[in-house]
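> please find the sequence and the predicted model below.
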Amino acid sequence: MIEVRDPATLEVVGSVPAQGAAEVDAAVAASRAAFQDWRWVSANERADLLHEAAGRTAAAADDLVGLLGREQGKPRSEQEEEIEWTATPLRYYAELARNGRGRVLPSGEPRSQLNLVLKQPLGVVAAIAPWNYPLLLASWKVAPALAAGNTVILKPSELTPLATIEWVRRCFDHLPEGVLQVVTGYGAQAGDALVRHPGVRMVAMTGSVATGQAIASVAAPMMKRLHLELGGKDAFVVAPDADPAAAVEALAYAGMLNAGQVCTSAERAYVPAALHDEIVDRLAATVGGLRLGHGLAEGTDLGPLINAPGRDKVERHVADAVARGARVVTGGRRPEGLPGWFYEPTVLVGVDHDMAIMTEETFGPTIPVMPYRDIGEAIDWVNASPYGLGATLRSTDPATIKRFYEEVEVGTVWINDPLTDNYAGPFGGTKMTGGARELGEEGLDAFLDTKHVHWDLSDRPKDWWYPY
């Protein structure tokens, strides 16, 4: 069994089986059997079933928030938002999948030939979800995969499996048996077994670059469909025309949401040299006033990091920056009197791109701030990262905005409103971030196979056949 601990108190709040190859093999067999019927269920019927799951998700919000609060640690308001955001993709893809997929092509002989492009389900999909948004990012995979007619085996993180199990048990038990299953276990056992299983046609995963590379190395020889959304080192750029006060509010939110444990967190800030000191002073006052505590406690702004390795990484990055000449303006240490994996919200200055905190994914409540000379230099710094998930710009100047969104090498650009998702718009990145797209029509197409059908309506021989 795997013990699940509350990251704020370190108390054991539950346990789940450490499953492996045998359990995965049984799940794949059940999933493949279920696919034979599920793939032929009409899009309208699948839509009704997904709408039912969305309604059940909303109805179970209180219980799911309680589980998430104990195993993941975000403040209650953020947990409540996660449940709302988890239900939305189920409704969105229920309706999108009702629409016809594929198209009719012009034919060389239009009176006697028909050419079709079909969009068909793949089969068994392995969905591997992360711990920072366990239900939300599971839903981004489960909803389009089921809507497309696939069957799904969902593996939650071993750090946050409890809410996932409860979600599937309460909100999807009206689906036919085997259509959606959960396996629990460590990535090196259950996750590896899913990736290696020949009966799994596709692996959809949100996680680290290292995990994505490991999955790709196993799946590539099998030519298995991969859908990988990996790490980020998102930049937040304040333009010279931006209002410093509003920019600081947006930056604090973008950098500290979920204690900085968001793949699109603002992990590096670039500000005009002329505004640097004012922005730093305002930012330090804002994040320094955030209240740390248990996610389910009243008045909590920031919860803990997920575990000891997560906090250790933040501490290493801050220590490396200080050793190389950076200065901590606020935070930079473990708070007193809190037993869990807490770390104070931190602002650093005097940073440069030789420091890990400016180049590697930190995944914690830190905002390093660096001044730039002109917007071109800031764009160059944004693009220098091996990651390419997202970037935020604060500006009201149309020329600056247009140049920024055209030149930055990322999958999502936020202008003045960071970290906002649009379920009809594709989400994903480029470069080492993996290139997958979730949400939108692209998110549904990712779980569909494309087939071209050339149909000659007659059976007469052709003039160009042998013999010449």
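Great, that's in hand.
> please, where are all the strands along the stretch 1-150 of the chain?
Ranges of strands in the stretch 1-150 of the chain, per DSSP state E, counting those that start in this stretch, are 2-5, 12-16, 103-105, 113-121, 124-128.
> out of those, nearest to G149?
With C-beta to C-beta, the closest approach to G149 among the strands of the stretch 1-150 of the chain belongs to strand 113-121: 3.4 Å. Glycine gets a C-beta too; all of them are placed from N, C-alpha and C.
> buried stuff in that closest one?
Within strand 113-121, the residues that count as buried by 16 or more other C-beta atoms under 10 Å are N115, K119, P121.
> stretch 191-201 now?
Those would be G191, D192, A193, L194, V195, R196, H197, G199, V200, R201, for stretch 191-201 by 16+ other C-beta under 10 Å.
> taking the mean pLDDT, what do you get for stretch 196-208?
Taken as a whole, stretch 196-208 carries a mean pLDDT of 98.
> now find how far off-centre it is within its chain.
Taking C-alpha atoms, centre = their mean, to the nearest Å, the mean C-alpha location of stretch 196-208 is offset from the chain mean by 15 Å.
> what's the end-to-end length of that stretch?
From its first residue to its last, stretch 196-208 covers 19 Å (C-alpha to C-alpha, to the nearest Å).
> cool, and stretch 400-419?
End-to-end span of stretch 400-419 (C-alpha to C-alpha): 20 Å.
> can you list the neighbours in contact with it?
The list of residues contacting stretch 400-419 from outside it, by C-beta atoms under 8 Å, 6 or more residues apart in numbering, reads 234, 236-237, 239, 241, 250-251, 253-254, 257, 262, 264-266, 375, 379, 382-383, 388-396, 420, 426-431, 433, 437.
> buried members of the residues you listed into PyMOL, please.
A single PyMOL command selects the buried members of those (16+ other C-beta under 10 Å):
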select buried, resi 234+236+237+239+250+251+254+257+262+264+265+266+375+379+382+388+389+390+391+392+393+394+395+426+427+428+429+431+433+437
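> ok so, going back, can I get the buried residues of stretch 191-201 in JSON lines with secondary structure and distance to G207?
Output for the buried residues of stretch 191-201, formatted as JSON lines (DSSP: H, G, I helix; E, B strand; the rest coil; distance: C-beta to C-beta, whole Å):
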{"residue": "G191", "secondary structure": "helix", "distance to G207": "9"}
{"residue": "D192", "secondary structure": "helix", "distance to G207": "13"}
{"residue": "A193", "secondary structure": "helix", "distance to G207": "16"}
{"residue": "L194", "secondary structure": "helix", "distance to G207": "13"}
{"residue": "V195", "secondary structure": "helix", "distance to G207": "12"}
{"residue": "R196", "secondary structure": "helix", "distance to G207": "17"}
{"residue": "H197", "secondary structure": "coil", "distance to G207": "18"}
{"residue": "G199", "secondary structure": "coil", "distance to G207": "22"}
{"residue": "V200", "secondary structure": "coil", "distance to G207": "17"}
{"residue": "R201", "secondary structure": "coil", "distance to G207": "20"}
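> which of those residues lies closest to A21?
Closest approach to A21 among the buried residues of stretch 191-201 (C-beta to C-beta): A193, at 4.3 Å.
> got the confidence number for the closest one?
Per-residue pLDDT puts A193 at 98.
> how close does it sit to V24?
Between A193 and V24 the computed distance is 4 Å (C-beta to C-beta, to the nearest Å).
> cool, T160 as well?
For T160, the distance to V24 - C-beta to C-beta - is 20 Å.
> would you map the helices across the stretch 201-350 of the chain?
Taking DSSP state H, counting those that start in this stretch as the test, the helices found in the stretch 201-350 of the chain are 209-219, 244-256, 276-288, 308-323.
> circling back to that earlier point, and the strands of the stretch 1-150 of the chain: which comes nearest E442?
Of the strands of the stretch 1-150 of the chain, nearest to E442 by C-beta to C-beta is strand 113-121, at 12.7 Å.
> go ahead and measure how far that closest one is from the middle of the chain.
Put simply, strand 113-121 sits 31 Å off its chain's centre (C-alpha atoms, centre = their mean).
> ok, it: who's next to it in the sheet?
In the sheet, strand 113-121 lines up against strand 103-105 (antiparallel), strand 448-456 (antiparallel) (DSSP bridges).
> so for the first one, mean pLDDT?
By that I understand strand 103-105. Mean pLDDT, strand 103-105: 95.
> quick one: residues in contact with that strand.
By C-beta under 8 Å, 6+ apart, strand 103-105 touches L114, N115, L116, V117.
> and the longest one, by the same measure?
Residues lying outside strand 448-456 but in contact with it, judged by C-beta under 8 Å, 6+ apart, are 101-102, 109, 112-122, 148.
> again, only this time at 6 Å
Contact partners of strand 448-456, identified using C-beta atoms under 6 Å, 6 or more residues apart in numbering, comprise Q113, L114, N115, L116, V117, L118, K119, Q120, L122, A148.
> rewinding a little: could the strands paired with strand 113-121 go into a markdown table alongside distance to I279 and mean neighbour count?
Below are the strands paired with strand 113-121 laid out as a markdown table (distance: least, C-beta to C-beta, whole Å; neighbours: other C-beta atoms under 10 Å):
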| stretch | distance to I279 | mean neighbour count |
| --- | --- | --- |
| strand 103-105 | 50 | 11 |
| strand 448-456 | 46 | 13 |
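> okay if I get those as CSV plus distance to H276?
Formatted as CSV, the strands paired with strand 113-121 follow (distance: least, C-beta to C-beta, whole Å):
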stretch, distance to H276
strand 103-105, 53
strand 448-456, 48
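> quick check: bridge partners of F236?
F236 forms beta bridges with A269, T392, as assigned by DSSP bridges.
> which residues touch it?
Counting by C-beta under 6 Å, 6+ apart, F236 has contacts L251, A254, A266, A269, T392.
> roughly how far does it sit from S77?
Separation of F236 from S77 (C-beta to C-beta) stands at 22 Å.
> buried residues, stretch 239-250. List them.
A239, A242, P244, A247, V248, A250.
> do the same with stretch 176-191
Within stretch 176-191, the residues that count as buried by 16+ other C-beta under 10 Å are G178, V179, L180, Q181, V182, V183, T184, G185, G187, Q189, A190, G191.
> out of those, the closest to A220 would be?
G191 (16.4 Å).
> tell me who's in contact with that closest one.
Counted by C-beta under 6 Å, 6+ apart, G191 has contacts I128, K155.
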